[in-house]
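Asks: Please find the sequence and the predicted model below.
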Amino acid sequence: MSEPQSIEHCIRGNLETYFRDLDGTEPAGLYDMLVKLVEKPLLDVVMAQSGQNQSRAAEWLGLNRNTLRKKLLEHELLK
């Protein structure tokens, strides 16, 4: 059985594929795009694992609860 790949390894592989698929086209706004693409599933999974407990999720993420709530609203993840 093979070992699971690290998150860093998965992200690196996907970024390499992204640049290869650009085929020489210059990317724009890459940092903001990537943060948003990673942040939404991160928040979604952490909220599910915390049983939708915002205080617990904020603690796990190292965020202020109000900051977490703002981000959940931005990503339309508030239930």
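Replies: Here it is on my side, so go on. Numbers count the residues shown, from 1 in each chain.
Asks: Leaving out sequence neighbours, find the closest residue to the residue positioned nearest the centre of the chain.
Replies: The central residue of the chain, meaning the one whose C-alpha is nearest the mean C-alpha position (C-alpha atoms, centre = their mean), is residue 38 at 2.1 Å. Leaving out its chain neighbours, the residue that sits closest to residue 38 by C-beta to C-beta, 6 or more residues apart in numbering is residue 11, at 7.6 Å. C-beta here means a position set from N, CA and C on the backbone, and glycine is covered the same way.
Asks: What about the one you found, how many residues nearby?
Replies: Residue 11 sits with 14 neighbouring residues when counted by other C-beta atoms under 10 Å.
Asks: on that earlier part again, now do the SS call for the residue nearest to the centre of the chain.
Replies: helix (DSSP: H, G, I helix; E, B strand; the rest coil).
Asks: Which secondary structure element is home to the residue nearest to residue 38?
Replies: Assigned by DSSP states H and E, residue 11 belongs to helix 7-22.
Asks: Pull the residues that contact that helix.
Replies: Residues from elsewhere that reach helix 7-22 (C-beta atoms under 8 Å, 6 or more residues apart in numbering): 5, 27, 34, 38.
Asks: so where do the strands sit in the chain?
Replies: Taking DSSP state E as the criterion, the chain contains no strands.
Asks: wait, residue 75 sits on residue 43?
Replies: Yes - using C-beta atoms under 8 Å, residue 75 is in contact with residue 43, at 6.0 Å.
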